[in-house]
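A.B. asks: Sequence first, predicted coordinates after that:
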Amino acid sequence: MEIKPFFSVLIVLAVLAVLGVFIYRGVGPGMPGQGLPEEGLPEQGPRLGVLQVYLCDAPLDAENITGVYITIDEIQCHGDGQWATCQDFVGPQTYDLLELTEGNTALLGELELPAGHYTQIRFMLDIEEEGASPAGSGCYLEFADKSSVPLFAPSGGRTGYKGVGHFEVPVNGTVEVTADFDASKAVVVAGSSYILKPTIKLIVSQ
C-alpha cells in the first residue's frame with residue numbers, strides 16, 4: 001500500500017509534462033491568437049485593376065485615300081513616374097483608322113495593370129524613320145486605285161506615340177479609355193513622303 005503514492009506522483013508528473021507541451025506550443029509561432037512572426041507573414045499580391053483601351057479616329061477629308069493603316073507592336077502606360085508595358089496586349093496588331101470613325105471603335109485589349117493614377121498611354125508602332133527602307137512597314141496609306149505608300153515618322157518607332165490624359169485604374173475595377181488618333185491632323189505631306197505625326201487624345205469614360 002505504500003507504493004500507491006509513488007505511482008500517483010508519477011501520474012501527476014506525466015500529466016504536468018503533457019500540459020507543459022501544449023502550453024509551450026500555444027505560445028509558439030503559428031498558433032491561433034498568437035500570430036506569425038513578421039518574416040513568416042504571407043506576402044500580399046499587387047493591387048490590380050483593368051484598363052480597357054479603345055481606338056477611334058476622326059473622319060479624314062481626302063477622297064483619294066481609302067485606308068490609313070497603323071500597326072501597334074506594344075502598349076505602355078505611364079504612372080507613378082515610370083512606364084509600364086501592358087503584357088496583356090499581344091502585338092503586332094494592324095488597324096485601319098478610317099474604319100474607326102463615326103462612333104466605331106476597336107477594342108485593343110483589357111489590360112491588367114497595378115491600380116493607381118496614370119497620365120499617358122504610349123503606342124509603339126511598326127513604322128520607319130524617313131529615309132529608311134519602307135519595305136515591310138506596318139504603317140501605310142492606301143489609295144482608291146489600290147496603290148499604297150508607307151508612312152514615316154521623325155523618330156521611327158523608337159519613342160512611340162503618346163496620348164496624354166489622366167485616368168485612374170481602380171482596385172479590382174475597370175476604367176475605359178479611348179485613344180483618338182485623328183488622322184486628318186496626323187498625316188502630312190513632306191515632299192514626296194507622307195509623315196505620321198499623330199495627335200492622340202485620350203477620352204476617359206465616366
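C.D. replies: Received, thanks. Numbering: from 1, shown residues only.

A.B. asks: From residue 111, how far out is the residue nearest the centre of the chain?
C.D. replies: The centre of the chain sits closest to residue 86, judged by CA atoms, centre = their mean, with a distance of 3.0 Å. The gap separating residue 86 from residue 111 is 4 Å, by CB to CB, to the nearest Å. To be clear about C-beta, it is placed using only N, CA and C from the backbone, and glycine gets the same treatment.

A.B. asks: intersection of neighbour lists for these two?
C.D. replies: 51, 53, 75, 77 (CB atoms under 8 Å, 6 or more residues apart in numbering).

A.B. asks: ok, so of the residues you listed, who is nearest residue 185?
C.D. replies: residue 53 (20.6 Å; CB to CB).

A.B. asks: my guess is the closest one contacts residue 175, does it?
C.D. replies: No. The pair residue 53 / residue 175 is not scored as a contact, 9.7 Å apart, by CB atoms under 8 Å.

A.B. asks: quick one: which of these two has more around it?
C.D. replies: For residue 53 versus residue 175, neighbours defined as other CB atoms under 10 Å are more numerous around residue 53 (25 against 19).

A.B. asks: JSON lines please, covering the shared contacts of residue 86 and residue 111 and showing secondary structure and distance to residue 169.
C.D. replies: Formatted as JSON lines, the shared contacts of residue 86 and residue 111 follow (DSSP: H, G, I helix; E, B strand; the rest coil; distance: CB to CB, whole Å):
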{"residue": "51", "secondary structure": "strand", "distance to residue 169": "6"}
{"residue": "53", "secondary structure": "strand", "distance to residue 169": "11"}
{"residue": "75", "secondary structure": "strand", "distance to residue 169": "14"}
{"residue": "77", "secondary structure": "strand", "distance to residue 169": "8"}
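
A.B. asks: Pick the one among those residues closest to residue 125.
C.D. replies: Using CB to CB, those come closest to residue 125 at residue 75, 10.6 Å.

A.B. asks: So which residues of this protein form strands?
C.D. replies: 48-56, 65-79, 82-85, 93-96, 106-114, 116-125, 128-129, 140-143, 148-153, 161-169, 174-180, 187-190, 193-196, 201-204 (DSSP state E).

A.B. asks: mind putting those in TSV, mean pLDDT included?
C.D. replies: Putting those into TSV (pLDDT from 0 to 100) gives the following:
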stretch	mean pLDDT
strand 48-56	95
strand 65-79	93
strand 82-85	90
strand 93-96	96
strand 106-114	94
strand 116-125	94
strand 128-129	82
strand 140-143	92
strand 148-153	89
strand 161-169	91
strand 174-180	95
strand 187-190	83
strand 193-196	86
strand 201-204	91
